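Undergrad: structural data only, the sequence is not supplied:
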């Protein structure tokens, strides 16, 4: 049972156990809520006895039934407390564990996953889906299962009194659920359509916020808002249809449940008139009929999230089944040489980015990757840090295949500066300290000076304590790039990856930062990607990547004899400078 629930509902083992406990205690609560009915029946049987059977006496007084009522209240309270803790409190704990598990899964996924997945879709899975599952498992799933169990148990008990009245009370339940079963497929499709339209609206809004500058620059405001209106209208229509279908289904099922009491009234009246039952049994069924469907009605009120349960669980399972990058957390290195051995890689099937790439970036040397845009330079650098795994060949670090090393363990040896800088909504000091979390303020400031950050930090209102906004929105592109370089300098890792690290800088600042970088790269393995030939003037080896293949692999001595891409670019940039 535990394994079945784990597989079916995407629960942890503890979550499955807690769900069973929740069902158990909710079933007991549903049955305990019938205790007032039992008390009423006993009271009526006792006090109506002298009326229905003249000459008989009342067995118990009001004090007895008052005490029994208090005892029943105590039992219901105790069960309600246990039920709350076993459903709501436990579900919140499982929800927290689910979010943590998703975060851990995302941490271990290759970057290709994030390139294929839309950001708003990921956000919806982590936030909306988890929240809806939390609500479903606390308000609907245990209650539904407990309602069915408690109705079955109560019906079985009533069968002992009169099977005919019990059937007249219970027949509406399977019929009502038959209506739900018939409409379930259509409601599921409606919810999927509704979700897809909702995501289109959120994606369009997010795109507008990200590209507001371009929208205004090219006078696209009307085109953007018209498209947003079209998507919002589609979402509204789909949601209206879905709500209408849900309302009809829920109201139809609840109406069928309401037929249970009239069935008991009609059947009981006929049986009473024909002498097939007695008044007290008839009264008992009438009172129970007024209460037995209450748990099911509560579940039906949450039917929307219950119907969409499978869709959200499938999305959760999809993410959990993604192949994560695995590896050992401990390994020994003979050196920090990075060797590409016949490496092939494609982001999508049939769209090859690297084809049979082989070269070695040695420790103590700077290896420059050059070539036209789209040639595979950045891809090669990210493969070296195991942001992805190649489809063919292998990449080794110090003789160890990096596929056998856990990515986070591997990245401890890398300092990375990419052209697309990402900063956090925090202070300058905190953004640089990401390079090494235990660095002192003095060490952070020293790295910032080497990266020439002090020049603009001194103009900020609070210096290094200035909060720079989301992704450093208050800074220029060059200032953001310098903070990224300062991070790498502070980390002081044995392997340095620089992808157009100085592309956003003017010539004067680039020259000054190059001096700081020369100190950073001493005795380290350095892979640098650049289009400016002056940036790679001191490189020990130049590797040219064109259309995913290596066309040149030049040492410092051989570059002067080159007549390929490097020579053409060098000549072109010298001509442009003149």
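TA: Noted; the coordinates are in hand. Everything numeric in this text was worked out from a predicted model, so none of it was measured.
Undergrad: how long is stretch 535-552 end to end?
TA: Here the two ends of stretch 535-552 are set 18 Å apart, with distance taken as CA to CA, to the nearest Å.
Undergrad: residues of it that come out buried?
TA: Neighbour-count burial for stretch 535-552 flags 535-536, 539-546, 548, 550, 552 (criterion: 16 or more other CB atoms under 10 Å). In short, each C-beta sits where N, CA and C put it, glycine included.
Undergrad: and stretch 159-172, by the same measure?
TA: Neighbour-count burial for stretch 159-172 [16+ other CB under 10 Å]: 162, 165-166, 168-170, 172.
Undergrad: what's the spacing between that stretch and its chain's center?
TA: Counting by CA atoms, centre = their mean, to the nearest Å, stretch 159-172 is centred 47 Å from the centre of its parent chain.
Undergrad: pop the domain breakdown of the protein in here.
TA: Domain assignment for the chain by automatic domain parsing gives 2-320, 328-413+493-578, 424-491.
Undergrad: could these go into a markdown table alongside mean pLDDT?
TA: Listed next are the domains of the chain as a markdown table, based on pLDDT from 0 to 100:
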| stretch | mean pLDDT |
| --- | --- |
| domain 2-320 | 82 |
| domain 328-413+493-578 | 83 |
| domain 424-491 | 89 |
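Undergrad: sorry, back to before: out of the buried residues of stretch 535-552, which comes closest to residue 12?
TA: residue 548 (42.9 Å; CB to CB).
Undergrad: ok, that closest one - contacts?
TA: 352-355, 357, 375-376 (CB atoms under 8 Å, 6 or more residues apart in numbering).
Undergrad: any idea how far the nearest residue to residue 88 once chain neighbours are set aside is from residue 564?
TA: Nearest non-adjacent residue to residue 88, counting by CB to CB, 6 or more residues apart in numbering: residue 138, 4.9 Å away. In this view, residue 138 and residue 564 are 66 Å apart by CB to CB, to the nearest Å.
Undergrad: could you do residue 480 as well?
TA: According to CB to CB, residue 480 stands 34 Å off from residue 564.
Undergrad: ok, residue 523 next?
TA: For residue 523, the distance to residue 564 - CB to CB - is 30 Å.
Undergrad: who has more neighbours out of those two?
TA: residue 564 (13 against 9; other CB atoms under 10 Å).
Undergrad: how near is the more buried one to residue 358?
TA: For residue 564, the distance to residue 358 - CB to CB - is 17 Å.
Undergrad: strands along the stretch 201-350 of the chain, start to end?
TA: Along the stretch 201-350 of the chain, counting by DSSP state E, counting those that start in this stretch, strands occupy 338-348.
Undergrad: go on, the chain?
TA: Ranges of strands in the chain, per DSSP state E, are 338-348, 351-361, 366-370, 392-397, 400-401, 414-417, 495-499, 525-529, 541-546, 549-555.
Undergrad: could I get those as TSV with distance to residue 98?
TA: Putting the strands of the chain into TSV (distance: least, CB to CB, whole Å) gives the following:
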stretch	distance to residue 98
strand 338-348	29
strand 351-361	35
strand 366-370	41
strand 392-397	34
strand 400-401	34
strand 414-417	31
strand 495-499	34
strand 525-529	39
strand 541-546	42
strand 549-555	45
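Undergrad: of all those, which lies closest to residue 5?
TA: Across those, closest to residue 5 is strand 338-348 (CB to CB), at 36.8 Å.
Undergrad: the closest one to strand 495-499, inter-axis angle?
TA: 40 degrees (axes from the mean of the first three to the mean of the last three CA atoms, to 10 degrees).
Undergrad: circling back to that earlier point, closest to residue 35 out of the buried residues of stretch 535-552?
TA: When those are compared for distance to residue 35 (CB to CB), residue 548 comes out closest, at 75.0 Å.
Undergrad: hmm, residue 91 and the residue nearest to residue 88 touching each other?
TA: Yes: between residue 138 and residue 91 there is a contact under CB atoms under 8 Å: 4.1 Å.
Undergrad: can you show me the helices along the stretch 1-150 of the chain?
TA: Secondary structure of the stretch 1-150 of the chain by DSSP state H, counting those that start in this stretch: the helices cover 2-9, 13-32, 35-47, 49-52, 62-84, 90-108, 111-116, 119-123, 130-139, 141-159.
Undergrad: those: which one's closest to residue 310?
TA: Of all the helices of the stretch 1-150 of the chain, helix 2-9 sits nearest to residue 310, with 9.4 Å by CB to CB.
Undergrad: buried stuff in the closest one?
TA: Buried-residue list, helix 2-9, by 16+ other CB under 10 Å: 5-6, 9.
Undergrad: next, the contact list for residue 168, please.
TA: Remark: with contacts taken as CB under 8 Å, 6+ apart, residue 168 is in contact with 260, 263-264, 266-268.
Undergrad: what is the end-to-end distance of stretch 416-435?
TA: 10 Å.
Undergrad: how far does it sit from its chain's centre?
TA: The answer for stretch 416-435 is 24 Å, by CA atoms, centre = their mean.
Undergrad: again, but for stretch 158-165
TA: That offset, for stretch 158-165, works out to 50 Å (CA atoms, centre = their mean).
Undergrad: and the contacts of that stretch?
TA: Contacts of stretch 158-165 (CB under 8 Å, 6+ apart): 166, 169, 264, 267-268, 271, 276-277, 281-282, 284-285, 288.
Undergrad: kindly check the end-to-end length of that stretch for me.
TA: End-to-end distance for stretch 158-165, by CA to CA: 8 Å.
Undergrad: please apply the same query to stretch 421-431.
TA: 11 Å.
Undergrad: buried sites along that stretch?
TA: So stretch 421-431, judged by 16+ other CB under 10 Å, has buried residues 421, 423, 427-431.
Undergrad: check stretch 276-295 too.
TA: For stretch 276-295, burial by neighbour count (16+ other CB under 10 Å) applies to 277, 281-285, 287-289, 292-293, 295.
Undergrad: so residue 201 is in contact with residue 228, correct?
TA: Yes: judged on CB under 8 Å, residue 201 makes contact with residue 228 at a distance of 7.3 Å.
Undergrad: what about residue 147, distance to residue 30?
TA: As defined by CB to CB, residue 147 lies at a distance of 6 Å from residue 30.
Undergrad: need the overlap of contacts for the two.
TA: Counting by CB under 8 Å, 6+ apart, the residues touching both residue 147 and residue 30 are residue 295.
Undergrad: nearest spatial neighbour of the spatially most central residue of the chain, skipping sequence neighbours?
TA: Closest residue to the average C-alpha location of the chain: residue 126 at 2.2 Å, with CA atoms, centre = their mean. Once flanking residues are discounted, residue 126 sits nearest to residue 102: 5.6 Å by CB to CB, 6+ apart.
Undergrad: residues in contact with that neighbour?
TA: 125-126, 130, 316, 319-320.
Undergrad: residue 565 now?
TA: 370-372, 544, 546, 551-552.
Undergrad: what does residue 187 give?
TA: Residue 187 makes contact with 242, 245-246, 249, 307 under the criterion CB under 8 Å, 6+ apart.
Undergrad: any idea how far the closest residue to residue 220 other than its chain neighbours lies from residue 231?
TA: Among residues not flanking residue 220 along the chain, residue 214 sits closest, at 7.5 Å (CB to CB, 6+ apart). For residue 214, the distance to residue 231 equals 19 Å [CB to CB].
Undergrad: next: residue 366.
TA: 50 Å.
Undergrad: out of the two, which sits in the busier spot?
TA: residue 366 (23 against 19).
Undergrad: how close does the closest residue to residue 521 other than its chain neighbours get to residue 451?
TA: Distances taken as CB to CB, 6+ apart place residue 496 nearest to residue 521, at 5.7 Å, with adjacent residues excluded. Using CB to CB, we find residue 496 at a distance of 13 Å from residue 451.
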